[in-house]
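J.: predicted model follows, preceded by the sequence.
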Amino acid sequence: MLIAIPDVLDAAALARVRAIIDAGEWVDGNVTSGPQSALAKRNRQLPEDSAAAREAGGMILDALGRTPLFVAAALPLKVFPPLFSRYAGGEDFGLHVDNAIRMKRGTDFRLRSDLSATLFLEDPAAYDGGALVIEDQFGPQSVKLPAGHLVLYPASSLHRVTPVTRGERVASFFWLQSMVRDDGERRTLFELDRAIQAVASDRGQGDGPVVQLTGVYHNLLRRWADA
């Protein structure tokens, strides 16, 4: 399931995150690459253990927890601390797939990467190129969202970032382990949750069929969840 999640960061939070990361010291993006990705990747990143990455990443994690659409779509169990990337001057990231297991250096933290996320941090009108192109069952999907908006997609997808030919693309990216491993099951739960919320807004949370459908949702989650 590929889904755009708007307004994860409002204007004030976006400005704060940018002020923090723009003042950080950026390094070659291949510090977090696997052997295959390193052949395709040309960009810059904040070191994941830098003070700027930790502070801005914490703000993003707090914002995600306040975004119901994200929680409903991802059903997150673990979230990798957000990383930050910049592309300019023709930099790009060729076609690749994310590692199945992500580990945080120097700790015992690890997760199975069920989902990948990109949070855009630059106005799309400020740069040319830099689209995130995700291969899915319907063909390549090109994604370039407003600053503060996030795209969530299966980490098993082949994807790439097209060359940035003007301006600078700035984004945060990270991975999630979902309580529900299977993408099809996760999609079913998300669609059922959206339908329940739509009916409840019309008939009220106490309506008998709404209560029954909510029970079906939780029984499916109970059956499928790893947590």
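T.: Ah, there it is. Numbers count the residues shown, from 1 in each chain.

J.: next, the buried residues of stretch 53-67.
T.: If you call a residue buried by 16 or more other CB atoms under 10 Å, then stretch 53-67 has these buried ones: 53, 56-57, 59-60, 63-64, 67. (Glycine included, C-beta is placed from N, CA and C.)

J.: sorry, wrong one. I was asking about stretch 77-87.
T.: 77-87.

J.: try stretch 150-163
T.: Neighbour count says stretch 150-163 has 150-155, 157, 159-163 buried, by 16+ other CB under 10 Å.

J.: distance between the ends of that stretch?
T.: 20 Å (CA to CA, to the nearest Å).

J.: what of stretch 103-110?
T.: Start-to-end, stretch 103-110 (CA to CA) is 4 Å.

J.: which other residues reach that stretch?
T.: 48-49, 78, 80-81, 101-102 (CB atoms under 8 Å, 6 or more residues apart in numbering).

J.: now, which of the buried residues of stretch 150-163 lie within strands?
T.: Within those, residues falling in strands by DSSP state E are 150-154, 159-161.

J.: give me the below-cutoff pLDDT ranges for the chain.
T.: In the predicted model of the chain, residues 31-39 satisfy pLDDT under 70.

J.: got the residue ranges for the helices in it?
T.: 11-22, 35-40, 51-65, 68-74, 183-203, 208-224 (DSSP state H).

J.: could I get these as a markdown table with distance to residue 97?
T.: Putting the helices of the chain into a markdown table (distance: least, CB to CB, whole Å) gives the following:
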| stretch | distance to residue 97 |
| --- | --- |
| helix 11-22 | 26 |
| helix 35-40 | 8 |
| helix 51-65 | 23 |
| helix 68-74 | 19 |
| helix 183-203 | 14 |
| helix 208-224 | 24 |
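
J.: closest to residue 121 out of those helices?
T.: Between residue 121 and the helices of the chain, the tightest spacing by CB to CB is seen for helix 11-22, at 6.2 Å.

J.: for that closest one, packing partners?
T.: Here helix 11-22 touches helix 51-65, strand 168-178, going by 3 or more CB pairs under 8 Å, 6 or more residues apart in numbering; DSSP states H and E.

J.: can I get those in CSV with distance to residue 126?
T.: As requested, these are exported to CSV (distance: least, CB to CB, whole Å):
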stretch, distance to residue 126
helix 51-65, 19
strand 168-178, 7
